[in-house]
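**Student:** Generate a structure from the sequence data that follows.
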Amino acid sequence: MGNKNRHKSTSLFDMQFITSSISTTLVLLLLGLVVFFVLTAHNLSVYVRENISFSILISDDMKEKDILKLQKKLNKEDFVKESEYISKKQALKEQTEAMGTDPEEFLGYNPFTASIEIKLHSEYANSDSIAKIEKIIKKNSNIQDVLYRKELIDSVNENIRNISLVLLALAVVLTFISFALINNTIRLAIYSKRFLIHTMKLVGASWGFIRRPFLRKNVWSGVFAAIIADAMLMGTACWAVMYEPELIQIITPEVMLIVCGSVLAFGIIITWLCACISINKYLRMKANTLYYI
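**Tutor:** The predicted structure is shown next:
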């Protein structure tokens, strides 16, 4: 029994299996990186959009308690992610620190107004939505103005859209390339067994019986390769987050779970499909054609 298990293990983890697994690992690593960049690009776009803020300038006639009530009301709106109230004194202090001089000393008064800084949810961080929000906010007579950088918002959204299209096109191209590379690796491995396949046919083995060990071996190769690729991707992601903790907002556990799951799914599906195609090709061939391919 021990000899049988040892023989089975040896036949599975032979040099051909290891070589195939290494090749498949490199391809799956490439596919995993594509999935990773597509998902993190989405998170990055959300992060950038939600960090674009606009200012609501408040009239000096409005009391602080009314401003806080207005802030509380705004926080209940669907478009508001978070808000911050900046008083006249706080605005003066911030500008004094930024400029190095106190404008109140030579002007004789505080030139700044109280404001509420608004950060939007990503789906509202575009010029059209902000224009509608601006109209709603300006219905309050105590609002002096709503300030935002339209050009910056348009530029950010345009760049995000272009990057997303490029990544999508790259993902499609690399998926086809990856399939071709894994297919070639498996096809060469099965090519060396073509006469064994034919011999099994001659002794009356069914196609399903012949396919089974090849499919099992190649699927295990895909699983083994996927585990190695996932370990490399997870290790790199953990190192990046440890180096720059803020990246946890972009490289989230959910993203890494999807990436690792995708790599494992690709490893199983592609290796099974490629092995099935290659085996069927040799199963259909007649004996005389096996010598001329």
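
**Student:** now the strands for this structure?
**Tutor:** Assigned by DSSP state E, the strands in the chain fall at 53-58, 80-86, 115-120, 143-147.

**Student:** Distance to I163 and mean neighbour count added to the ones you listed, as a markdown table?
**Tutor:** Where you see a C-beta, it was placed from the backbone N, CA and C, and this is true even at glycine. Below are the strands of the chain laid out as a markdown table (distance: least, Cβ to Cβ, whole Å; neighbours: other Cβ atoms under 10 Å):
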| stretch | distance to I163 | mean neighbour count |
| --- | --- | --- |
| strand 53-58 | 22 | 20 |
| strand 80-86 | 22 | 16 |
| strand 115-120 | 20 | 21 |
| strand 143-147 | 27 | 16 |
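
**Student:** R211: which of these is closest?
**Tutor:** strand 80-86 (54.4 Å; Cβ to Cβ).

**Student:** From L120, how far off is the residue nearest to L233 when sequence neighbours are not counted?
**Tutor:** Nearest non-adjacent residue to L233, counting by Cβ to Cβ, 6 or more residues apart in numbering: G32, 5.0 Å away. As defined by Cβ to Cβ, to the nearest Å, G32 lies at a distance of 32 Å from L120.

**Student:** Which per-residue confidence value corresponds to L247?
**Tutor:** At L247, the model reports a pLDDT of 82.

**Student:** Could you double-check that it lies in contact with V241?
**Tutor:** Yes. Look at L247 against V241 with Cβ atoms under 8 Å: they come within range, at 5.2 Å.

**Student:** Overlap of the contact sets of these two?
**Tutor:** Common contact partners of L247 and V241 (Cβ atoms under 8 Å, 6 or more residues apart in numbering): none.

**Student:** Kindly format the C-alpha coordinates of stretch 122-137 as PDB.
**Tutor:** What follows is stretch 122-137, C-alpha atoms only, in PDB (Å, rounded to 0.1, in the frame of the first residue of the first chain):
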ATOM      1  CA  SER A 122     -17.700  59.100  -5.300                       C
ATOM      2  CA  GLU A 123     -20.900  58.800  -7.500                       C
ATOM      3  CA  TYR A 124     -21.700  62.400  -6.900                       C
ATOM      4  CA  ALA A 125     -18.100  63.700  -7.500                       C
ATOM      5  CA  ASN A 126     -18.700  65.100 -11.000                       C
ATOM      6  CA  SER A 127     -19.500  68.500 -12.400                       C
ATOM      7  CA  ASP A 128     -23.100  67.800 -13.300                       C
ATOM      8  CA  SER A 129     -24.000  66.500  -9.800                       C
ATOM      9  CA  ILE A 130     -22.100  69.200  -8.000                       C
ATOM     10  CA  ALA A 131     -24.000  71.900 -10.100                       C
ATOM     11  CA  LYS A 132     -27.300  70.400  -9.000                       C
ATOM     12  CA  ILE A 133     -26.100  70.200  -5.400                       C
ATOM     13  CA  GLU A 134     -24.900  73.900  -5.600                       C
ATOM     14  CA  LYS A 135     -28.500  75.000  -6.600                       C
ATOM     15  CA  ILE A 136     -30.000  73.100  -3.600                       C
ATOM     16  CA  ILE A 137     -27.500  74.600  -1.200                       C
END
